[in-house]
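Colleague: Give me a model of this one.
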Amino acid sequence: MGTSVGKSHRTASYPLLKGQKALVTGANSGIGRATAIGLGRVGADVVVNYVADRDSAEEVVREIETFGVRAYAHEADVSQEDQVAGMVSRMVEQFGTIDVLVANAGLQRDAAATDMTLAQWRKVLDVNLTGQFLCAREAIREFMRRGVVPEVSRSAGKIICMSSVHQIIPWSGHVNYAASKGGVLMMMETLAQELAPHKIRVNAVAPGAIRTPINRSAWDTPEAEADLLRLIPYRRVGDPEDIARAVAVLASDLLDYVVGATLYVDGGMTLFPGFATGG
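Modeller: Model (predicted):
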């Protein structure tokens, strides 16, 4: 049986997460959308978090429901503590618990360091880093309250932090974004260390160049794509479904012994391609 969650294999499925309850933040577009749909495809009931554009979130819900699982949309700003607590509380009330958190919500506010405002700095850190922490904290509390349910999963819960290759690759003109993702790396590893004895698995997925609205200018013309491909040894730009497949498998018991790891899904971008010809 296949484990594909790509658009070209819509009838193929394998219940990697059958009966599990997943929350995906920032799930009404891009990587979050593909991930939410992918988790539904492999058997999970899914909460589709969004902060704007309810219509798109409801479209994701309807697509997930075609797989015979449950889903609903929930509006919440992940940088707001009370909204995150309310979102997880409602999930526990409606679905009974949470088994998988995909902390995906993120944004960019780009500027040169000399021009970057404090508001731009804070907004990116608040959403990309603090938002992941707040969501993780609420999920952890439920994981620890419930404990392991062997017929559902070998672990008490799974957290997947959506990071970026820029957790290790500096990115001029994006100091707030790169700092937020560097923070995600250390937050994820520290949480993994702290929570592993409780049978809670914390890991990260770090996308490279993916075709999403947030970076459209980097790939939406032949010239821009050709320039981008110089940074990707595999010579293709990734699709959101590439990330969705990685998340689905990482959240499953197939990778139950993977703790505190970052899975780079980047076509080799982190292999320093400039050195392929001697630097």
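
Colleague: okay, CA-based contacts and neighbour counts for the rest of this
Modeller: Noted.

Colleague: Which secondary structure state does Leu101 sit in?
Modeller: strand (DSSP: H, G, I helix; E, B strand; the rest coil).

Colleague: what residues are up against Val84?
Modeller: Residues in contact with Val84 (C-alpha atoms under 8 Å, 6 or more residues apart in numbering) are 76-78, 134-135, 138.

Colleague: same question, Ile159
Modeller: 100-103, 136, 200-203, 251.

Colleague: do Ala113 as well
Modeller: Contacts for Ala113 were tallied using C-alpha under 8 Å, 6+ apart; they are 173-175.

Colleague: Pipe these into CSV and attach distance to Thr212 per row.
Modeller: Below are the contacts of Ala113 laid out as CSV (distance: C-alpha to C-alpha, whole Å):
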residue, distance to Thr212
Gly173, 19
His174, 17
Val175, 20
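
Colleague: what residues does stretch 42-53 touch?
Modeller: For stretch 42-53, using C-alpha under 8 Å, 6+ apart, the contacting residues are 3, 5, 13-28, 36, 39-40, 57, 60-61, 64, 67, 69-77, 91, 95, 248.

Colleague: from those, which ones fall inside helices?
Modeller: Counting by DSSP state H, the contacts of stretch 42-53 place 36, 39-40, 57, 60-61, 64, 91, 95, 248 in helices.

Colleague: Would you show me how to pick out the buried ones of these in ChimeraX?
Modeller: To isolate in ChimeraX the members of the ones in helices among the contacts of stretch 42-53 that are buried, counting by 16 or more other C-alpha atoms under 10 Å, one can use:
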select :36,39,40,57,60,61,64,91,95,248
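
Colleague: what's the closest of the ones in helices among the contacts of stretch 42-53 to Glu142?
Modeller: Closest approach between these and Glu142, by C-alpha to C-alpha: Met91, at 10.6 Å.

Colleague: residue contacts, that closest one?
Modeller: Met91 is in contact with 47, 97-98, counting by C-alpha under 8 Å, 6+ apart.

Colleague: Just put these in TSV and tack on neighbour count and secondary structure.
Modeller: Formatted as TSV, these follow (neighbours: other C-alpha atoms under 10 Å; DSSP: H, G, I helix; E, B strand; the rest coil):
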residue	neighbour count	secondary structure
Val47	29	strand
Thr97	20	coil
Ile98	26	coil
